[in-house]
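Participant: No letters, just coordinates:
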Ligand SMILES: [Zn+2]
Ligand SMILES: [Zn+2]
């Protein structure tokens, strides 16, 4: 059984449609107010709202779960998030400990009001709270969700059996995706833990790495970037 990964660009953040042998799922749900935009792009791939069997959120930042509640309502699909980031969904706010800038230039830039992105989203109770490695076969997808903490405590990555990895913001295109090179996230709960999670994911031998901002990247390019980092 093979999966197809479709990268849906919603402007600032990527949402992913994974079409498996026996079902479809979404990885991430964009910013608040983007459900219609996302569903319109699904329609262009001949995917109807009720073909979506699962909405999996990589982590508790609003640009990734902002439209989760609206998409759940329109698709009927359950929403899954890791236990350690579920607080963000329940509060409709960013995971509280995870917005520390990872270098001082980012810290300075974050003070500029024009960079202030949405900080509230419709709150929701997740249908599935992930606590351990989770196979996705019952949703028609040959792959699994693995815990890759660092960007946030409850960050997860989806690793498909065909070698595609969807890693949320654990890896980011440089300059929020404007430069076609992989790099570390601009904010993180624990950057060292994030680097360790990248290494652990690379050890699982993915071929392609899909990210929330920019990408996708060849795994060897991610690997090269991380080997040169202290
Ligand atoms: Zn993001
Ligand atoms: Zn994030």
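Facilitator: Thanks, I have it. Keep in mind it's a predicted model, so treat the numbers as computed, not measured. Numbers count the residues shown, from 1 in each chain. Ligands and ions are numbered 1, 2, ... in the order given.
Participant: Give me the pLDDT for residue 55.
Facilitator: You'll see residue 55 listed with a pLDDT of 98.
Participant: Quick check: it touching residue 69?
Facilitator: No: contact between residue 55 and residue 69 fails when scored by CB atoms under 8 Å: they sit 9.8 Å apart. Heads up, the C-betas are built off the backbone N, CA and C, glycines and all.
Participant: More neighbours: these two, which one.
Facilitator: Shown here are residue 55 and residue 69; by other CB atoms under 10 Å, residue 55 has more neighbours (26 against 21).
Participant: most centrally placed residue in this structure?
Facilitator: Residue closest to the mean C-alpha point of the chain, counted by CA atoms, centre = their mean, is residue 168 at 2.9 Å.
Participant: Low-confidence bits of this structure, can you list those?
Facilitator: Residue ranges of the chain with pLDDT under 70: 1, 112-117, 176-177, 228-230.
Participant: Quick check: residues of it near ligand 2?
Facilitator: Contact residues of the chain with respect to ligand 2, defined by CB under 5 Å from the ion, are listed as 61, 169.
Participant: at 6 Å instead, please
Facilitator: Contact residues of the chain with respect to ligand 2, defined by CB under 6 Å from the ion, are listed as 59, 61, 151, 169.
Participant: what's the neighbour count on the third one?
Facilitator: Using other CB under 10 Å as the criterion, residue 151 is surrounded by 33 other residues.
Participant: Correct me if wrong, but it is in a strand.
Facilitator: No: secondary structure assignment (DSSP: H, G, I helix; E, B strand; the rest coil) places residue 151 in coil, not in a strand.
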